[in-house]
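Peer 1: predicted structure and sequence below. I'll ask about it afterward.
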Amino acid sequence: MKTNSARERRTFRTRASIKRPVATDRLRLTVFRSAKHIYAQVIDDTAGHTVAEANSKTLDASGNKVDLAKSVGAALAEKAKAAGVTRVVFDRGPYRYHGRVKALADGAREGGLDF
């Protein structure tokens, strides 16, 4: 029997609470945070493909990590709106809604995405 790590359990717990909205009409905005960079995607779970993505590696923004995360959120919102997506549900994964994750969400909201 495989036991899940604490990180996997947190991820599963977060995703279980957002399954119902995804099954209706919203796509999922998911976040991955590494030590240096932050990545975000808008995923269509019914079709199984990524609609839009943005990350801090390919962005030519400067500043600290929180500022970069906010600009990644704004860039993702721009790409998602170009693809016709305006309503998403925020999947923070195993991360707390704090710091860079919160800044990315705020940047996406300011960019025009509706959570």
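Peer 2: Cool, the structure landed. Numbers count the residues shown, from 1 in each chain.
Peer 1: downstream neighbour of the longest helix anywhere in the chain in the secondary structure list?
Peer 2: With DSSP state H applied, the helix covering the greatest number of residues in the chain is identified as helix 65-82. Under the assignment DSSP states H and E, the closest C-terminal helix or strand after helix 65-82 is strand 88-91.
Peer 1: so what strands line up beside that next one?
Peer 2: Using DSSP bridges, the strands paired with strand 88-91 are strand 27-33 (parallel).
Peer 1: what sits closest to residue 97 if chain neighbours are left out?
Peer 2: Counting by CB to CB, 6 or more residues apart in numbering, residue 105 is the residue found nearest to residue 97 once chain neighbours are left out, at 7.3 Å. From N, CA and C alone the C-beta is placed, and that goes for glycine too.
Peer 1: phi and psi next, for that neighbour.
Peer 2: Torsion angles at residue 105 (phi, psi; degrees, to the nearest 10) stand at phi -60, psi -40.
Peer 1: per-residue confidence at it?
Peer 2: Residue 105 carries a pLDDT value of 97.
Peer 1: quick check: it touching residue 90?
Peer 2: Yes: Residue 105 lies in contact with residue 90 (CB atoms under 8 Å); the separation is 5.8 Å.
Peer 1: tell me, what's touching those two both at once?
Peer 2: Both residue 105 and residue 90 are contacted by residue 115, under the criterion CB atoms under 8 Å, 6 or more residues apart in numbering.
Peer 1: list the contacts for the residue lying closest to residue 62 once chain neighbours are set aside?
Peer 2: Spatial nearest neighbour of residue 62, chain neighbours left out: residue 68 (8.0 Å); criterion: CB to CB, 6+ apart. By CB under 8 Å, 6+ apart, residue 68 lies in contact with 37, 38, 56, 59, 61, 62.
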